[in-house]
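**Student:** Could you look at this predicted model? Sequence included:
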Amino acid sequence: MSRSKALQYYIVSRLLLAPLMLWTITTAVFLLLRATPGDPVDAILGPRAPEAFKEELREQLGLSGSLLEQYFNYMGQLLQLNLGESATSRGQNVWDIIGNHFPATAELAVCSMVVAVVVGITIGSLSASRPNTPIDAGGRLFGIITYSVPMFWMGMVLQLIFAVQLRWFPLGTRFPLTLPTPEGITGLYTLDSLLAGNLNQFFAALHYLALPSLTLGVLLSGIFERIVRVNLKQTLSSDYVEAARARGIQEGRILVAHALKNAMIPVITVLGLTFASLLGGAILTEVTFSWPGLASRLYEAISSRDYPTVQGIVVFFAAIVVFASIAIDVLNAYVDPRIRY
């Protein structure tokens with residue numbers, strides 16, 4: 001089988017497995033929510049609410065009938081791409097909640113990943129190119145610290161220093177109340193303000209975005225620093241790099257044009273999966289910085305036991321992770337001709 005046909009077969013098989021993975025995640029979320037103790041109807045309305053109101057809310061939440069009936073009703077709605085309505089925000093569709101809050105999460109995730117990749121690759125490259133030196137030791141120490149420090153603790157410390165004491169950055173939220181928010185073209189305030197040509201809005205959005213994205217980006221950079229340092233060290237000791245040195249090619253050109261290019265192959269995999277999981281795993285960042293994103297909205301829905309919102313947001317994030325993993329595998333196959341499927 002030729003490489004192109006093998007790759008096509010792999011892509012088709014992964015796409016066919018995607019619904020199975022989504023079904024597994026959806027079923028697990030459905031069962032886990034209903035296995036939690038307590039009655040969500042009592043949590044929302046209170047135990048003294050009239051029974052008629054409780055029955056109406058149970059019908060809205062899909063909690064009426066047996067567990068099997070609830071499951072089939074929910075899966076039937078999901079097959080129609082109907083995520084239901086929020087139980088705490090009456091009349092608001094879950095798709096509307098995703099559309100309103102996801103751009104904030106996406107903007108934070110993109111900026112955080114830019115910081116993580118730039119810082120991680122830079123420190124990892126410097127550490128690998130200078131083995132057994134103080135720079136190498138500093139790079140390893142940086143990777144260990146950033147990988148192990150809790151995000152919520154670092155966020156609170158940086159808020160205390162840069163927002164409360166020095167007052168360089170705002171303490172929370174996404175945009176100042178004194179300015180009109182950018183027109184909702186994409187929902188990304190920095191991009192929308194640039195498209196509108198409003199630099200005041202752009203720098204205001206960037207000012208509010210800087211501290212949470214720097215916090216999350218620097219902590220994530222430890223992952224890329226460790227991967228780049230290990231793979232780049234192995235690449236720099238390979239035969240073709242030694243041959244390039246023997247031909248008199250400058251060390252900087254060898255590092256950038258030869259070694260770093262091949263060392264970046266595993267980074268692409270980690271980059272895609274980290275970004276996809278970051279979209280759904282930024283709850284601590286968004287809650288710490290009062291960032292009005294979808295992960296923060298998920299936290300609120302879990303706290304209020306809003307089943308439709310929790311299920312809808314988790315399924316949405318799961319779909320992103322599943323299809324991002326497929327896209328990364330395909331990209332790796334094109335970047336590295338040695339990969340066979």
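**Tutor:** The structure has been received and is ready for your questions.

**Student:** C-alpha only now, for contacts and for neighbours.
**Tutor:** Fine.

**Student:** Now do the helices in the stretch 101-250 of the chain.
**Tutor:** Along the stretch 101-250 of the chain, the segments classed as helices by DSSP state H, counting those that start in this stretch run 134-148, 151-158, 189-195, 199-236, 239-246.

**Student:** Lowest average confidence across the ones you listed, which one?
**Tutor:** Note on these: lowest mean pLDDT is at helix 239-246, with a mean of 72.

**Student:** From T215, how far off is A204?
**Tutor:** 18 Å (C-alpha to C-alpha, to the nearest Å).

**Student:** about what we covered before: let me have the helices of the stretch 101-250 of the chain in TSV, adding distance to A318 and mean neighbour count as columns.
**Tutor:** As requested, the helices of the stretch 101-250 of the chain are exported to TSV (distance: least, C-alpha to C-alpha, whole Å; neighbours: other C-alpha atoms under 10 Å):
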stretch	distance to A318	mean neighbour count
helix 134-148	24	17
helix 151-158	22	17
helix 189-195	25	19
helix 199-236	21	22
helix 239-246	41	13
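
**Student:** Can you say which of these is nearest to P37?
**Tutor:** helix 151-158 (27.1 Å; C-alpha to C-alpha).

**Student:** Of all the helices of the stretch 101-250 of the chain, which one comes closest to P103?
**Tutor:** Of the helices of the stretch 101-250 of the chain, nearest to P103 by C-alpha to C-alpha is helix 189-195, at 8.6 Å.

**Student:** Centre of the chain to that closest one, how far?
**Tutor:** 21 Å (C-alpha atoms, centre = their mean, to the nearest Å).

**Student:** Quick check: what element follows the helix or strand hosting W23 along the chain?
**Tutor:** Under DSSP states H and E, the secondary-structure element containing W23 is helix 3-35. Once helix 3-35 ends, the next helix or strand along the chain (criterion: DSSP H and E) is helix 40-45.

**Student:** helix or strand for the residue positioned nearest the centre of the chain, which one?
**Tutor:** Of all residues in the chain, the one closest to the mean position by C-alpha atoms, centre = their mean is L278, 1.7 Å from it. L278 is part of helix 265-281 when elements are defined by DSSP H and E.

**Student:** counting contacts, what elements does that helix pack onto?
**Tutor:** helix 94-129, helix 199-236, helix 294-304, helix 307-335 (3 or more C-alpha pairs under 8 Å, 6 or more residues apart in numbering; DSSP states H and E).
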